[in-house]
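A.B. asks: Here is the input, now give the coordinates:
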Amino acid sequence: MASSKLKTLTLGCKVNQYETEYLREGLHSIGFSDADKDEGADLCIVNTCTVTNEGDSKSRQIIRKMAKENPTSNIVVMGCYATRAPEEVRQLPNVVEVVTDKRELPDILGRFGVVDIPTGISSFGNRKRAYIKVQDGCLLKCSYCIIPSVRPNVISRPPGHILDEVRRLYDSGHQEMVLTGVHLGHYGVEQNKGKPKKDWLRLHHLLEKMVKIPGDFRLRLSSIEATEITHELIDVLVANPEKICPHMHVCLQSGSDRILRLMRRRWGTKRFIDRCHLLQERLDLPALTTDLIVGFPGETDEEFQQSCDVSRAVGFSKIHAFPFSARRTTPAADMAGQLSKKEKQGRIRRLIEVERELKEEYHQKLVGRNLTVLAESPSREKEGHLVGTSCRYAPVEFAADESMYGQLVEVTIVHADSEKLSGIVVNGL
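C.D. replies: As a prediction, this is how the structure comes out:
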């Protein structure tokens with residue numbers, strides 16, 4: 001087994017990236033090693049995405065490419081596309097197994113010969129930032145989204161497994177860990193049924209346990225719904241500014257209440273803005289980022305403008321803007337008023353300009369502050385400089401030696417524009 005070579009490829013979200021790493025690490029424990037780029041592999045694992053029709057197409061292309069470049073390999077396909085269309089995937093070349101349920105991953109390792117099935121991971125490859133999957137599954141019924149149909153089982157990992165994983169990742173050199181899930185804010189909800197509220201397990205309870213682990217590391221929350229930013233969660237963030245990044249990615253999707261109702265979202269823009277303002281009142285200049293879908297069926301230019309207006313009212317520091325993609329089998333795909341590609345692209349350009357203005361405005365507020373930065377890569381523009389991600393999610397470039405690579409570094413911000421911040425290491429170069 002020592003000579004067996006492995007290749008993995010992941011499409012899609014942070015949860016997928018975590019799950020690929022889980023299999024990769026388990027296979028390494030029984031002698032598999034990563035194949036070099038030009039080296040053939042005995043086993044290939046492809047983790048697919050089905051959020052859009054393009055995700056399906058790209059997944060098929062990747063599998064065919066893997067088979068062509070590794071003609072004697074066995075290919076195991078997992079992920080949301082594999083769950084949605086397993087028979088379609090089985091027809092692709094070299095595919096020997098299709099994993100339709102992520103709960104099967106420990107069984108997959110067992111079939112390959114792993115005896116001590118891991119409860120988590122111990123490293124995240126060459127990445128300086130590690131993802132920790134704490135939850136899986138989504139029960140929402142947003143009209144544009146296919147994910148609840150392919151990840152319907154809401155499961156929260158035991159806190160003990162997660163805490164042990166944090167300790168292992170820190171011991172492996174990871175100083176930032178991102179908590180992720182298909183619906184992160186629903187951590188623990190399926191375990192609370194029938195229990196008195198005093199015995200409930202929710203996301204803020206998990207964070208309270210995590211921040212008590214000794215070590216120079218920080219935690220970051222990935223995407224969360226505004227409805228799940230509770231007063232209890234905010235209290236934990238306020239009490240632990242050194243351990244939990246003052247950054248929240250809060251999903252808006254549209255600034256129009258009518259469009260939000262068509263999307264089957266759970267609340268309107270006023271409550272969303274109020275919750276964001278509460279975060280800004282309680283935390284020290286937090287970074288608020290979001291997702292916006294542009295060109296949802298029937299969206300008027302006035303309703304698109306409302307998305308821009310809400311973005312300004314909140315002051316997002318980053319906006320992930322997506323043109324609406326009609327996902328087959330979802331209600332939104334058959335709605336009247338589908339917009340043209342040209343209309344959606346025009347609105348995306350306008351929203352990108354709004355984002356640029358808001359990002360520069362937020363970045364300017366950070367000038368003169370000391371920010372903790374995870375040094376992640378050499379600068380492509382300046383020799384002797386590193387680039388990293390600050391606690392407030394803004395990219396920072398600073399003069400540094402290689403010893404700081406992969407470390408948390410305190411940097412005084414001296415310049416800002418809409419792209420990045422520049423700074424000087426405190427008590428450093």
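
A.B. asks: gap between the two ends of stretch 362-378?
C.D. replies: 25 Å (C-alpha to C-alpha, to the nearest Å).

A.B. asks: Stretch 121-128 too?
C.D. replies: End-to-end distance of stretch 121-128 (C-alpha to C-alpha): 14 Å.

A.B. asks: ok, now stretch 173-189?
C.D. replies: End-to-end for stretch 173-189, by C-alpha to C-alpha: 32 Å.

A.B. asks: Show me which parts of that stretch are buried, residue by residue.
C.D. replies: 174-189 (16 or more other C-beta atoms under 10 Å). Where C-beta positions appear, they are placed from N, C-alpha and C, glycine not excepted.

A.B. asks: Check stretch 137-157 too.
C.D. replies: For stretch 137-157, by 16+ other C-beta under 10 Å, it's 137-138, 142-148, 150-151, 154, 156-157.

A.B. asks: farthest pair in the residues you listed?
C.D. replies: Ser143 and Arg157 (29.3 Å; C-beta to C-beta).

A.B. asks: Can you tell me what sits against the worst-scoring helix or strand of the chain on mean pLDDT?
C.D. replies: When the helices and strands of the chain are compared on mean pLDDT, DSSP states H and E, helix 147-150 comes out lowest with a mean of 91. By C-beta atoms under 8 Å, 6 or more residues apart in numbering, the surrounding residues in contact with helix 147-150 are 50-51, 80, 83-84, 138-142, 182, 329.

A.B. asks: pLDDT (mean, whole number) over the helix or strand following it?
C.D. replies: The element immediately downstream of helix 147-150 (helix or strand, assigned by DSSP states H and E) is strand 155-156. On average, the pLDDT along strand 155-156 is 95.

A.B. asks: by contact count, what packs against strand 155-156?
C.D. replies: If you count contacts as 3 or more C-beta pairs under 8 Å, 6 or more residues apart in numbering; DSSP states H and E, strand 155-156 packs onto strand 129-136.

A.B. asks: Centre of the chain to the strand it packs on, how far?
C.D. replies: For strand 129-136, the gap between its own C-alpha mean and the chain's C-alpha mean amounts to 8 Å (C-alpha atoms, centre = their mean, to the nearest Å).

A.B. asks: swap in stretch 238-247?
C.D. replies: Distance, centroid of stretch 238-247 to centroid of chain: 19 Å (C-alpha atoms, centre = their mean).

A.B. asks: For the stretch 251-400 of the chain, just list every one of the helices.
C.D. replies: Ranges of helices in the stretch 251-400 of the chain, per DSSP state H, counting those that start in this stretch, are 257-263, 269-282, 301-314, 341-365.

A.B. asks: Any chance of CSV for the ones you listed, columns mean pLDDT and mean neighbour count?
C.D. replies: As requested, the helices of the stretch 251-400 of the chain are exported to CSV (pLDDT from 0 to 100; neighbours: other C-beta atoms under 10 Å):
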stretch, mean pLDDT, mean neighbour count
helix 257-263, 98, 18
helix 269-282, 97, 16
helix 301-314, 98, 18
helix 341-365, 98, 16
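
A.B. asks: Nearest approach to Val96 belongs to which of the ones you listed?
C.D. replies: Of all those, it is helix 341-365 that lies closest to Val96, at 38.4 Å by C-beta to C-beta.

A.B. asks: name the helices or strands packed onto the closest one?
C.D. replies: Contacts defined by 3+ C-beta pairs under 8 Å, 6+ apart place helix 341-365 against strand 287-294, helix 301-314, strand 318-323, strand 408-416.

A.B. asks: Other residues contacting the longest one?
C.D. replies: Around helix 301-314, the neighbours that count as contacts under C-beta under 8 Å, 6+ apart are 252, 254-256, 258-259, 269, 272-273, 276-277, 288, 290, 292, 294-295, 319, 347, 350-351, 354-355, 358.

A.B. asks: before we move on, what about the shortest one?
C.D. replies: Applying C-beta under 8 Å, 6+ apart, the contact partners of strand 318-323 are 287, 289-295, 311, 341, 344-345, 347-348, 351-352, 354-355, 358-359, 393.

A.B. asks: try 7 Å
C.D. replies: The contact list for strand 318-323, computed with C-beta atoms under 7 Å, 6 or more residues apart in numbering, reads 289-295, 311, 344-345, 348, 351-352, 355, 359, 393.

A.B. asks: Report the angle between it and helix 301-314.
C.D. replies: Orientation check (axes from the mean of the first three to the mean of the last three C-alpha atoms, to 10 degrees): strand 318-323 against helix 301-314 gives 170 degrees.

A.B. asks: Give me the distance from strand 318-323 to the chain's centre.
C.D. replies: For strand 318-323, the distance to the chain centre is 14 Å (C-alpha atoms, centre = their mean).

A.B. asks: and the direction of it versus that of strand 287-294, what angle?
C.D. replies: Using the same axes, to 10 degrees: strand 318-323 against strand 287-294 is 10 degrees.

A.B. asks: Buried residues, strand 318-323. List them.
C.D. replies: Within strand 318-323, the residues that qualify as buried are 318-319, 321-323, counting by 16+ other C-beta under 10 Å.

A.B. asks: Format the residues you listed as TSV; extra columns: distance to Arg60 and pLDDT.
C.D. replies: Formatted as TSV, those follow (distance: C-beta to C-beta, whole Å; pLDDT from 0 to 100):
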residue	distance to Arg60	pLDDT
Lys318	31	98
Ile319	30	98
Ala321	26	96
Phe322	22	95
Pro323	22	96
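
A.B. asks: Thought Lys133 was touching Tyr18, still the case?
C.D. replies: Yes. Here Tyr18 reaches Lys133: they are 4.2 Å apart, a contact under C-beta atoms under 7 Å.

A.B. asks: more crowded one of these two?
C.D. replies: Using other C-beta atoms under 10 Å as the criterion, Tyr18 and Lys133 rank with Lys133 on top: 27 against 22.

A.B. asks: count of residues packed around Asp38?
C.D. replies: By other C-beta under 10 Å, 6 other residues sit near Asp38.

A.B. asks: tell me the pLDDT at the residue nearest to Leu221 when sequence neighbours are not counted?
C.D. replies: With C-beta to C-beta, 6 or more residues apart in numbering as the measure, Leu179 is the residue that lies nearest to Leu221, at 5.5 Å, once sequence neighbours are left out. We have a pLDDT of 98 for Leu179.
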